[in-house]
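>>> This is the structure alone, sequence omitted:
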Ligand code: HPA
């Protein structure tokens, strides 16, 4: 990150309402597109992104973004993406803020294209590993935060948390490798064949920068994708954002149940009580 990033995190923390700053949530949740409703199940102190010092403002999801801290959980509804024109520092600032609040376990969710031909729209997949093909690394720069210069990424997605999520699902749930590209266009069929050859099962435009940041901070990560569409060229139909969002909305209740049950198995509560 740029020099001064650590001070930026402190300023963001200091600008939070006292009700949010005073808690020490242990679990952070980043909600992907279409999952914003989950935030309503968390009761506690909320802060609009616009009210948090130096916080980026999401441009795509129809609302400005909201952080809610309730019980042991801090939820971010509305993430910012590199394709919106945000700097890598902006994309990972929310994760550093979660860490500053006390978060040591991060659940990241997203909508993804299915590269693996055995997948189908609506499927939930636990992320086992990733390919960072987004063209940048958020830790580049003079300020790498409190973590090491060269963080280990060999178990970026915690096997323990994947096992927990499997228990939470109560039904078989596949694991896959998530490839992150910068976007914002969807991929070409040739790119999807390349990704399949590289071992990707899922493709998307988010998550990986946040996970790199979280791992550098020693945060244990669970990543869950919702396959909203088969990736380009697999089916004989063009990709359409409205269609992707509609499939995401259909899967949201199942996705939210999985999140709530995973938090419960983590020993967390969603209520300020
Ligand atoms: N490609 C990239 N990102 C996505 C896709 C896709 O097919 N679906 C949802 N997010």
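Done, it's in. Note that the structure is a prediction, hence the values are computed from the model and not measured.

>>> where's whichever residue of the stretch 1-150 of the chain sits closest to the ligand, which helix or strand?
Residue nearest to the ligand within the stretch 1-150 of the chain: residue 113 (2.2 Å; Cβ to the nearest ligand atom). From N, CA and C alone the C-beta is placed, and that goes for glycine too. Per DSSP states H and E, residue 113 falls inside strand 105-114.

>>> And residue 227, by the same measure?
strand 220-230.

>>> relative orientation of the helix or strand that that strand is followed by and strand 105-114 in degrees?
Sequence order places helix 241-265 as the next helix or strand after strand 220-230, per DSSP H and E. Helix 241-265 and strand 105-114 are oriented at 150 degrees to each other (axes from the mean of the first three to the mean of the last three Cα atoms, to 10 degrees).

>>> buried residues in helix 241-265?
244, 247-248, 251-252, 255-256, 258-263 (16 or more other Cβ atoms under 10 Å).

>>> same thing with stretch 210-226?
Under 16+ other Cβ under 10 Å, the buried positions of stretch 210-226 are 210-217, 219-226.

>>> one step back: could you list every helix and strand in contact with the strand holding residue 113?
strand 27-31, strand 202-204, helix 208-216, strand 220-230, helix 241-265 (3 or more Cβ pairs under 8 Å, 6 or more residues apart in numbering; DSSP states H and E).

>>> go again using 6 Å as the cut-off
strand 27-31, strand 202-204, strand 220-230 (3 or more Cβ pairs under 6 Å, 6 or more residues apart in numbering; DSSP states H and E).

>>> Which of the ones you listed sits closest to residue 150?
strand 220-230 (17.9 Å; Cβ to Cβ).

>>> That closest one: how far from the chain's middle?
9 Å (Cα atoms, centre = their mean, to the nearest Å).

>>> check whether it contacts the ligand.
Yes. Applying Cβ under 6 Å from any ligand atom, one finds strand 220-230 touching the ligand at 228, 229.

>>> ok, now stretch 244-256?
Yes. Using Cβ under 6 Å from any ligand atom, stretch 244-256 reaches the ligand at residue 244.

>>> ok, and what's touching that stretch?
34, 35, 38, 111, 121, 122, 226, 228, 229 (Cβ atoms under 6 Å, 6 or more residues apart in numbering).
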